[in-house]
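# Quick one: sequence plus predicted model below, questions after.
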Amino acid sequence: MFMLEKYNTLLLCKDGLPQGKSSGMTEFGEKTFKRAVWKHCLRWLLFVFLVGLNIAMPGSLIERLIRHVPIQPGPEAVQFLFLLLCDLYMLPSAVFEVNSVTVRDGEVILGCLLWKSKLKKDQIVSFKIPKMLTWALLRTPRCFYLINRADFGNFEELATLIEQRVLN
């Protein structure tokens, strides 16, 4: 019991959260912001659903062509137009939306759905917070990242830290 109590006090911050998950400052001068786990799981579900649609719909057409089933071009075109619209509307937010942000002096570490990026100060082209969008846009020469304001409860603090520690 004593060892467990000692173990808990070593790994927990003042607010009772594990140090890696906390948005509090660590001894290395970094601050981590994370989206709720259920929201991250919903993004994975959306991504798997869209990939499944992109495989199943053309696969169904190919299967019907192989079996010499008569195909009507009108409904098939509507189906593929629907698929294209779903992809254009949902895939960018599912893939480029940030799950976690760690801000250090001179760098930002962004964890997306499929990859993690460590960006230095000179790699960031711009950081904009459009008033009409729910996302803040962080651009690099090769990619862009969407930081959802609604997913991070303390978004204003995150934006301020990025502007002060990384961009200045």
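Thanks, I have it.
# what are the ranges of the helices in this structure?
With DSSP state H as the criterion, the chain has helices at 2-11, 37-66, 73-96, 155-161.
# can I get those in CSV with mean pLDDT?
Listed next are the helices of the chain as CSV, based on pLDDT from 0 to 100:
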stretch, mean pLDDT
helix 2-11, 35
helix 37-66, 93
helix 73-96, 91
helix 155-161, 90
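# Please identify the most buried of those.
The highest mean neighbour count among those, using mean count of other CB atoms under 10 Å, belongs to helix 155-161: a mean of 16. (C-beta placed from N, C-alpha, C; glycine too.)
# Show me what that helix is packed up against.
For helix 155-161, the packing partners by 3 or more CB pairs under 8 Å, 6 or more residues apart in numbering; DSSP states H and E come out as strand 100-104.
# the inter-axis angle of the strand it packs on versus helix 37-66?
130 degrees (axes from the mean of the first three to the mean of the last three CA atoms, to 10 degrees).
# So for strand 100-104, mean pLDDT?
Averaging pLDDT along strand 100-104 yields 91.
# partner strands of it, parallel or antiparallel?
Applying DSSP bridges, strand 100-104 is found paired with strand 31-34 (antiparallel), strand 107-111 (antiparallel).
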